[in-house]
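In: no FASTA, just this:
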């Protein structure tokens, strides 16, 4: 009877991992829709191509070497093999309590981890939109998903020492589902690319004026945000790592509750902030506010109350509006607000963790955040710089004017309604 219970929990935990991984994979559709809605019509096909291609690249590179760097063991060459039933049952028996830990299929763990890698790379896509060469972007994706992300992942979730010098876990660093490890890392890579790439032509005037480039499809952007909101339940909920006992099921429920509360708080706060600052209800700020709230709560969705989660999300909603405006003043051109929503708010999420999690320390959170940012930013800057010197990373001024859909993909997304001429 006891063995049957263990078999059942193994099946439930594995299945839960796979379902949550599928939800996170669906976030790729959310990013694609959000980004294609916020760019101009003449750049839609190219950004959709980037989002589909980067997902494929991320899955392949993490399979080939990324997972091995992050956790050890190359599943690309050896595979997962058949499950060792006796070994699994022995591990349960040794613990003496089937509620004491997570045991699930190694293949399900890989699947859940690989979609996180693709999420980090998707953040880069929107920030460099409308002026980057497609193949330069995909070349960077190979390095980002195969090496840069897995390295900082090894120092955090993998438990390895940072270049053999210090262990972030020993310093009190905690990042439940990846506010820093996934979101801030993606934003750091994006920031490095944006700095070397430069702003879109005409975005900033000679006298300091900032020109708005309205997105082509607001309904698509709104739908993309709702899809991301939905996918985030898998992102955070799956990071509980199990479901098959009372304590874990309760934890999953609280994570879902807090994730939703933070997103709502972020959306409301961003909408109100935009109304105060601009005199209008700005849809793009509302969308980024929801995402900001989700990013903030990702660092610790299991320990706050729903009220605290809502407040944290609201802080993210206010911060993302202020950050987007500030980056524009600094002439850092991010068409979709990804650096602000995922980077600045990712850092906020990390720094809020010790408020409700006694196992985390503010000093450890700060050191961890700096470690992730410095590593990803510097490594990305080097890779972007090499690509710029070797093949170039920016399209020509003429191609940018005509739209990268034509120059990079040879087709327009809305040929019957929009002419890039």
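Out: That came in fine, so what should we check first? What you see is a predicted model, and the numbers here were worked out from it, not measured in a lab.

In: low-confidence ranges in the stretch 151-300 of the chain?
Out: For the stretch 151-300 of the chain, no stretch has pLDDT under 70.

In: again, only this time at 80
Out: Along the stretch 151-300 of the chain, segments meeting pLDDT under 80 span 244.

In: which residues in it form helices?
Out: 185-197, 218-237, 246-278, 283-298 (DSSP state H, counting those that start in this stretch).

In: which of the ones you listed sits closest to residue 121?
Out: helix 185-197 (6.7 Å; Cβ to Cβ). The way it works is simple: take the backbone N, C-alpha and C, and place the C-beta from them, glycine included.

In: give the buried residues for the closest one.
Out: Applying a neighbour-count criterion of 16 or more other Cβ atoms under 10 Å, the buried positions in helix 185-197 are 185, 186, 187, 188, 189, 190, 191, 192, 193, 194, 196, 197.

In: same question for stretch 142-152.
Out: Neighbour-count burial for stretch 142-152, with 16+ other Cβ under 10 Å as criterion, is recorded at 142, 143, 144, 145, 146, 148, 149, 150, 151, 152.

In: mind checking how far that stretch is from the chain centre?
Out: Once both centres are worked out by Cα atoms, centre = their mean, to the nearest Å, stretch 142-152 turns out to sit 14 Å from its chain's centre.

In: could you tell me the end-to-end distance of that stretch?
Out: Taking Cα to Cα, to the nearest Å, the first and last residues of stretch 142-152 lie 16 Å apart.

In: what's in contact with that stretch?
Out: Residues outside stretch 142-152 that contact it (Cβ atoms under 8 Å, 6 or more residues apart in numbering): 54, 57-58, 61-62, 64-67, 69-70, 117-118, 120-121, 124, 181, 185, 189, 371-372, 375-376, 379-380, 383.

In: which of the residues you listed fall within helices?
Out: 54, 57-58, 61, 67, 69-70, 117-118, 120-121, 124, 185, 189, 371-372, 375-376, 379-380, 383 (DSSP state H).

In: please tell me I have it right and residue 153 contacts residue 181.
Out: Yes. Assessed by Cβ atoms under 8 Å, residue 153 is found in contact with residue 181 at 6.2 Å.

In: what do those two both touch?
Out: Joint contacts of residue 153 and residue 181 (Cβ under 8 Å, 6+ apart) do not exist.

In: just the element for residue 140, please.
Out: Taking DSSP states H and E as the criterion, residue 140 maps to helix 134-143.

In: would you mark the buried spots in that helix?
Out: Applying a neighbour-count criterion of 16+ other Cβ under 10 Å, one finds 134, 136, 137, 138, 139, 140, 141, 142, 143 buried in helix 134-143.

In: before we move on, what about stretch 267-282?
Out: Quick answer for stretch 267-282 (16+ other Cβ under 10 Å): 267, 268, 269, 270, 271, 272, 273, 274, 282.

In: format those as JSON lines; extra columns: distance to residue 41.
Out: Output for the buried residues of stretch 267-282, formatted as JSON lines (distance: Cβ to Cβ, whole Å):
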{"residue": "267", "distance to residue 41": "26"}
{"residue": "268", "distance to residue 41": "30"}
{"residue": "269", "distance to residue 41": "31"}
{"residue": "270", "distance to residue 41": "25"}
{"residue": "271", "distance to residue 41": "26"}
{"residue": "272", "distance to residue 41": "30"}
{"residue": "273", "distance to residue 41": "29"}
{"residue": "274", "distance to residue 41": "24"}
{"residue": "282", "distance to residue 41": "20"}
